[in-house]
Structures are given as structure tokens and as C-alpha cells.
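I'll drop the sequence and a predicted model, then ask my questions.
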There are 4 protein chains.
Amino acid sequence: MNDSQERIASSFAAQGLMQTLGAKLALVADGEVHIELAFSRHLSQQHGFVHAGAITSVLDSACGYAALTRAPQGCEVVTAEFKINLLRPALGERFLAIGKVQNAGKSLTVCTGEVRAFAGGEASGKVVALMQATIANVAVRESD
Amino acid sequence: MNDSQERIASSFAAQGLMQTLGAKLALVADGEVHIELAFSRHLSQQHGFVHAGAITSVLDSACGYAALTRAPQGCEVVTAEFKINLLRPALGERFLAIGKVQNAGKSLTVCTGEVRAFAGGEASGKVVALMQATIANVAVRESD
Amino acid sequence: MNDSQERIASSFAAQGLMQTLGAKLALVADGEVHIELAFSRHLSQQHGFVHAGAITSVLDSACGYAALTRAPQGCEVVTAEFKINLLRPALGERFLAIGKVQNAGKSLTVCTGEVRAFAGGEASGKVVALMQATIANVAVRESD
Amino acid sequence: MNDSQERIASSFAAQGLMQTLGAKLALVADGEVHIELAFSRHLSQQHGFVHAGAITSVLDSACGYAALTRAPQGCEVVTAEFKINLLRPALGERFLAIGKVQNAGKSLTVCTGEVRAFAGGEASGKVVALMQATIANVAVRESD
């Protein structure tokens, strides 16, 4: 693992919510991060599918960490805002959230993301959600 | 409880994710729903604050159920999309997500929402997130 | 007019698009700006109502200028992003775009806005659009 | 021109705003529509660049018409909502708005779009804006 991968793996491990959801960091590349989520009844909405909130949580983290791979030295990132379209019910055995940097500015990074749902031996999955997110660079405080 | 309140309480209880997050239905009124969330390390991001995904999850549910209070007879609702701004770190002992209907059309309902963070004996809390959401009415299938 | 009002009136007058649309600055207050638009066939979509793009343009400007009333000394503002819901067809004789600051941070300001449509002697109008916008403060360059 | 192209060309010609902005329909393909905009001072914001509202207007139309190429027989479309990120100042001699269908459901179509800015003989241009939009199918009224 390079520095960026180590930094993100360590930050991800510190996110209580990702552990609560059972999410796993699957890929950290320059400008792109993948997070995996397995189906669980603990993540469901009222019809037994995965709740939009769980789908959104992993996709927000994937976009945020993708932005972090492009953040200037000495900066960390916070999500300023995002928008998500939920295209169809999140039906599947496992889900892959893919966050990608579209533009890294001096203070703001814009990412797009999608969540793919997989069942059985499917190769490419079905896109269940699309996100467009704005992530802000913030200087790391000295005491951190 | 009236019919709408019973229906929403029952649907909320069936949402595995809301139980996993420790969220509680706090108010169901005509066009407005409140959901409470207590701080827990299980919901944190890497700095120990509540993760944007948890904040978003309860606010999405609050907006969806607010829309349901105005849905036509025989319809249930699904979130088509939402946008959320995260105004400041979600620091607090407890959080209140408030979803309100702004316009209920024939097939789409537009809601706005906010999450307030409370610490100590604070009365009104600080707004940490603002949402604007589009919720679609869908006819309940006969077998449901 | 105070300094902020003069600055905004002068900036508004320099926006070619606002003149092309026939938009008028109606109110500049602390954290709130109103822009008026009269109906014209030059602004229509294919059914003769006002095009969402014209509605969006004046509401974006109203939110941007509302943010400017709260920007730090020596800063101007640029819209980083916004989201708009179009609640109903923009039918009316005149339209009022209202932009309001919800939170002014150090580098980002979050505004909400609405456009009201008026016909005949209506007092309060009908809300035809809702916006949630993120506006960035940028330091004015010395040569400006 | 096939039926879909003729229908869209005729609808576009009826949009007063597109003529006011000087926009031109450049491509109509299955699930994808391009609209061109030439720089003009009549479209400017206060610094002389093209106003976000003009950029947004053509991109909204491009997404809407892209959705129309996939709408069921007997339906027209209306934009329910969209979100746009403005990545950099809209500097250029001409602009190309590209709208693409990402998912066409029974009642809602989700599109993504971008605006590219061109100066001189540039081939691919710079992306100045990214959109994610939700477009609703509506049954054509008999009298239309």
C-alpha cells in the first residue's frame, strides 16, 4: 500500500458507521475509491430491500475518499453536499459503491458516484443509485 | 394514534436500518415527521462525529414519511432523489431530523428537511444539515 | 442605499443575462435578495410558459446576491452548485425570485430560494420552484 | 430526420428562451441530445463570462430532450428537478451542452449532462458544468 492507500484504510477503519453497516474498502486508486456492502436485514427499509440511507452512506464515503486521493498535502476533506438519485430498489446480495473525481479544484472537488447491485454470479451488476457530490478541502489542524 | 400514524409506526418498525442506527419515530403529523437519533460511536465518521450517512438516513426517512402522510389512498412512497447540504460537523448528544411536505402533486411530492443537533439542555439546537427531496407515489401492489 | 445595496445593484446591472431576460432587482436586505421577472414570450418553453432555465437564472442570481450580503470583506461570490425542484408550470404575469442565506460559513454559504408566480391581483402568489444552493467566497483579485 | 428528431426540432423551435439565448440544436440521437451556445455579452454575468443561468438553461433543455427520445408513446416530458455543479468560469467562444439518459423508468427518467467550453480550435473543450436531472413523463392532453 502507498501512503494514500494507508491513510484511507486507516481513516475508513476509524469510521464506526462503516463497521456498523458491514462495509469494506475494496479499492483505492488515484481519483477513484470502491466500497463493498453485503446485504443484511439490519440495513433494510420496510420492504426488506437495502435502505436508501445505507446505499447513500457507502457512496458518500466512496466519493469523499476519492476526493481525498486528490487533496493537497496537509488537507483532509469534508462533504459539503451531495445529490443522489435512487434508480430502482436496492435488491441484491452485494453492492459496490464507486466514487470518482470529476474535477479537483483548489478548495472544492466534484465527484460522481454510482452503486451497483449484484445477485448470483452477475458480472457487472445493475446501477441502483447515481450521486453528484461536492467535497471541500480543509487544512488539518496542528493538534491532529 | 390515527390510521396514518399507525401505518407509519408500523412501517418504521419494519426498517432494519432505523433499528440498527438506534433511530426513534418522534412525531407524525399531517405533512411533517420527526425522527430522533442519539449519538453513538457506532455511527461515527473518522473524527468521532456522527457520519453524514447516518444523518442522511434519518432525514431521508423523515422526508419519506412526511410525504406518506399526504399520499393518495392506495399509494405508498419511494424516494426518487434528494440533495443534502452538511452545514457543520454533526456534533451533539442527540439529533432531530424534521421532514416537511412543501408540495404534494399527483405523482411527486417535494419535501424539505433539516437535522438539528442538541447538546446539554439546549432548546432549539443547531441546524447541521438541510435536505430537499423528491418522493414518488407508487400504487400498492395487490399482494401487499 | 448602503454599501452592500450599491455593490449589488452595480453588479446586477453588469449582468448581461439579467437584462436580456428583463429581470429587475427588487430587494436587497441582509441575507435576502429578491429579483422580479415579467412574463415574456421570449422566455418561454414549448408550451408558452416560462422556461425552467429563466426561472432558474433569476433564482440563482437571487441566492448568489443574498450570499454576497454576508460575504467577508474583500470577497466576492461564485455559485458552486445548486439544486432546483420545479413544482408546477411557471404560469403567471410576473415572478418573484427570493434567495435567503441559511448558513454563512467561512468559505461556503448555503442559501435556499423560491420563485413565486403571480397573476392578476394575487397577493402571495404560488410557489413554482424551490432551490438549495452552495455559494463559495472567493478573494477579490487586486486588479479588479 | 426521423420522427423523434422532427418532434424535438419542432419543440425546440417553439422555445422562446432558446432563441433569446441564441442556442442551436446540434444533435438528436437515441438517449442523447446536444445543444450549442455561442458566447455573447447578452448572456454574461458581472465579470463578462457566460452566466450560470444560461449554461443551466441549455443543459436543462439538452437533458429534457434526451429524456424525450426515450419517453413512451403519447407522453411528453417535464423537468421535475436537477442539480448542477459549476466547475469553473464559463469562459469560451462557444459551448456545447450534452444531455444523456442514464435510466428511463416508467414515469421518471434520470439524465446526466455536461457543458463543454471551447476556445480557438480546441477539439474536446473543458467541462465547465455537470448536471444530474430527473425528468417526468406526462401524458399528452387530448387537446394538444
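Received it, and whenever you're ready, just let me know what you need.

Please count neighbours and contacts with C-alpha atoms only from this point.
Noted.

mind listing what the residue nearest to A:Leu91 when sequence neighbours are not counted touches?
Closest residue to A:Leu91 apart from its sequence neighbours, by CA to CA, 6 or more residues apart in numbering or on different chains: A:Phe49 at 5.6 Å. Shown in contact with A:Phe49 (CA atoms under 8 Å, 6 or more residues apart in numbering or on different chains): A:89-91.

now A:Thr134: how far from A:Thr109?
6 Å (CA to CA, to the nearest Å).

sec struct for the residue nearest to the spatial centre of chain A, please.
For chain A, A:Ala62 is the residue whose C-alpha lies nearest the centre (CA atoms, centre = their mean; 1.9 Å). With DSSP: H, G, I helix; E, B strand; the rest coil as the basis, the three-state label of A:Ala62 is helix.

hang on, it packs against A:Glu36?
No: shown here, A:Ala62 and A:Glu36 do not form a contact pair, counting by CA atoms under 8 Å, at 9.6 Å.

Are there residues contacting both of those two? Which ones?
Common contacts of A:Ala62 and A:Glu36 (CA under 8 Å, 6+ apart): A:Ala97.

Can you pull out the low-pLDDT segments for chain A?
Within chain A, the stretches with pLDDT under 70 are A:141-144.

mind listing the strands for it?
Using DSSP state E, the strands found in chain A span residues A:24-29, A:32-38, A:75-86, A:94-104, A:108-118, A:126-139.

what about the closest residue to A:Leu43 other than its chain neighbours, distance to chain D?
Excluding the flanking residues, the one nearest A:Leu43 by CA to CA, 6+ apart is B:Leu17, at 4.2 Å. Per CA to the nearest CA, to the nearest Å, B:Leu17 is found 26 Å from chain D.

Can you tell me the closest non-neighbouring residue to the residue nearest to the centre of chain A?
Counting by CA to CA, 6+ apart, the residue nearest A:Ala62 is A:Gly99, at 4.8 Å.

That neighbour: how many residues sit nearby?
31 (other CA atoms under 10 Å in any protein chain shown).

Could you double-check that it lies in contact with A:Cys111?
Yes: contact criterion CA under 8 Å: A:Gly99 and A:Cys111 qualify, at 6.6 Å.

Looking at strand pairing, list the partners for the closest residue to A:Gln102 other than its chain neighbours.
Of all residues not flanking A:Gln102 in the chain, A:Cys111 sits nearest, at 5.1 Å (CA to CA, 6+ apart). Here A:Cys111 sits in beta bridges with A:Val101, A:Ala133, going by DSSP bridges.

What residues does the closest residue to A:Gly113 other than its chain neighbours make contact with?
Among residues not flanking A:Gly113 along the chain, A:Gly99 sits closest, at 4.3 Å (CA to CA, 6+ apart). Taking CA under 8 Å, 6+ apart, we find A:Gly99 in contact with A:32-34, A:59-60, A:62-66, A:111-114.

Quick check: the residue nearest to the centre of chain A vs C:Lys83, distance?
For A:Ala62 relative to C:Lys83 (CA to CA), the value is 22 Å.

next one: A:Ala139
Distance, A:Ala139 to C:Lys83, by CA to CA: 27 Å.

who's more crowded, these two?
Taking other CA under 10 Å, A:Ala139 and C:Lys83 do not tie; C:Lys83 has more neighbours (26 against 13).

in the sheet, who's paired with A:Val50?
Note on A:Val50: beta-bridge partners by DSSP bridges are A:Ser44, A:Ala90.

so it sits right up against A:Arg88, yeah?
No: judged on CA under 8 Å, A:Val50 makes no contact with A:Arg88 at a distance of 11.0 Å.

okay, those two: which has more neighbours?
Counted by other CA under 10 Å, A:Val50 and A:Arg88 do not tie: A:Val50 has more neighbours, with 28 against 15.

on that earlier part again, I'd say the residue nearest to A:Leu43 and A:Gly48 touch.
No: B:Leu17 sits out of contact with A:Gly48 when judged by CA under 8 Å, with a separation of 10.1 Å.

In terms of neighbours, single out the busier of the two.
Taking neighbours as other CA under 10 Å, B:Leu17 and A:Gly48 compare with B:Leu17 leading, 27 against 18.
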